[in-house]
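K.L.:
Below are the sequence and a predicted model; questions follow.
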Amino acid sequence: MILNNNSQIRPHRVNAGGIFIAILKGALQPLSCVVTVPFTLLFPALTTFILYHVFSKQNDKILSFKRGLKLDFKSMIGAEIIYLLGLFALFQYFCYKATQYIEVYKYKAVRNPTLQIATPEQLEYSHSLTTLICTIAVILIVMQILIMAYSFIKAYDLDKSVKTQSPFKIVLKTIFRNLPVYILFTVVLIYVFTVIETYFAKYKLIHIEGYILGKDNFDPAITFMVLRVFVLHVAIYALNLFTFCALNLRSRLNFKN
């Protein structure tokens with residue numbers, strides 16, 4: 001029976017140290033990326049329901065697989081539809097803007113009779129494309145946070161047989177009260193991926209140069225793919241655990257609890 005009683009969920013501010021504890025907990029479970037990364041990229045609401053079970057029943061260990069996982073298919077399907085519509089809109093926006101940028105680059109390149117290596121128009125195109133990708137990344141992170149906060153509420157309601165009043169209002173309050181930490185985390189995450197991609201491009205060029213010269217140089221493709229997946233896993237785990245605590249589903253966030 002579903003009861004309209006007082007919910008345990010109370011949005012509150014989690015200190016900045018909490019996100020670093022969450023990051024460390026995720027980093028110590030590297031093999032869990034086989035669950036968190038593909039599920040989150042494809043089915044973010046399902047990931048949140050799984051992680052609710054992990055945080056409340058499995059002592060934060062993803063690969064424990066204890067029984068008792070409950071799923072609210074109605075809310076999951078609704079969140080999935082919104083997520084897919086958002087992805088489609090972002091993809092269309094990216095294609096539209098990327099086409100604009102390449103046309104501007106081609107227009108300027110034709111009027112600059114020099115070899116197109118590190119020219120001002122190339123740098124302008126690269127900067128515009130990087131800014132576009134970072135903007136889309138921020139929007140994706142915001143979408144993920146909204147979905148995970150809402151799904152945590154629904155998972156709690158299903159688990160405790162209660163009905164939380166005004167879940168969307170609670171989601172917004174939770175994000176607003178912890179906005180500085182969410183912003184800091186997003187900026188750091190984008191910076192980390194920027195560094196990863198910069199070094200990947202550097203080592204890839206060295207590998208291609210070595211291949212042309214007949215040298216057996218380090219191929220960074222697999223190594224950097226594993227690194228990207230690991231960083232994504234840690235980010236997903238940390239954001240979910242932090243949001244779990246921000247909803248007051250856990251009173252304190254520390255390394256042992």
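P.N.:
Sure, I can see it. Quick caveat: nothing in here was measured; it's all calculated off a predicted structure.

K.L.:
longest single helix anywhere in this structure?
P.N.:
helix 120-160 (DSSP state H).

K.L.:
buried set for the helix or strand following that helix?
P.N.:
Downstream of helix 120-160, the next assigned helix or strand under DSSP states H and E is helix 167-177. Neighbour-count burial for helix 167-177 flags 167, 170, 171, 173, 174, 175 (criterion: 16 or more other CB atoms under 10 Å). Yep, even glycine has a C-beta here, placed from its N, CA and C like the rest.

K.L.:
Quickly note the distance from the second one to residue 147.
P.N.:
Computed with CB to CB, to the nearest Å, the distance linking residue 170 and residue 147 is 14 Å.

K.L.:
Likewise for the fourth one?
P.N.:
Distance of residue 173 to residue 147, computed by CB to CB: 16 Å.

K.L.:
could you dump the buried residues of helix 167-177 to JSON lines with distance to residue 134 and pLDDT?
P.N.:
Formatted as JSON lines, the buried residues of helix 167-177 follow (distance: CB to CB, whole Å; pLDDT from 0 to 100):
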{"residue": "167", "distance to residue 134": "30", "pLDDT": "93"}
{"residue": "170", "distance to residue 134": "29", "pLDDT": "95"}
{"residue": "171", "distance to residue 134": "24", "pLDDT": "96"}
{"residue": "173", "distance to residue 134": "27", "pLDDT": "95"}
{"residue": "174", "distance to residue 134": "25", "pLDDT": "95"}
{"residue": "175", "distance to residue 134": "20", "pLDDT": "95"}
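
K.L.:
would a markdown table of the residues you listed with distance to residue 71 be doable?
P.N.:
Supplementary listing: the buried residues of helix 167-177 in a markdown table, determined by distance: CB to CB, whole Å:
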| residue | distance to residue 71 |
| --- | --- |
| 167 | 17 |
| 170 | 21 |
| 171 | 19 |
| 173 | 25 |
| 174 | 22 |
| 175 | 24 |
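
K.L.:
so which of those comes closest to residue 54?
P.N.:
Within the buried residues of helix 167-177, the smallest distance to residue 54 is 19.3 Å, found for residue 174 (CB to CB).

K.L.:
Who are the contact partners of the closest one?
P.N.:
When contacts are counted by CB atoms under 8 Å, 6 or more residues apart in numbering, residue 174 touches 11, 149, 243, 246, 247.

K.L.:
let's see 10 Å
P.N.:
Applying CB atoms under 10 Å, 6 or more residues apart in numbering to residue 174 gives the contacts 9-14, 145-146, 149-150, 152-153, 182, 243, 246-248.

K.L.:
where along the stretch 151-257 of the chain do the helices fall?
P.N.:
Counting by DSSP state H, counting those that start in this stretch, the stretch 151-257 of the chain has helices at residues 167-177, 179-212, 221-246.
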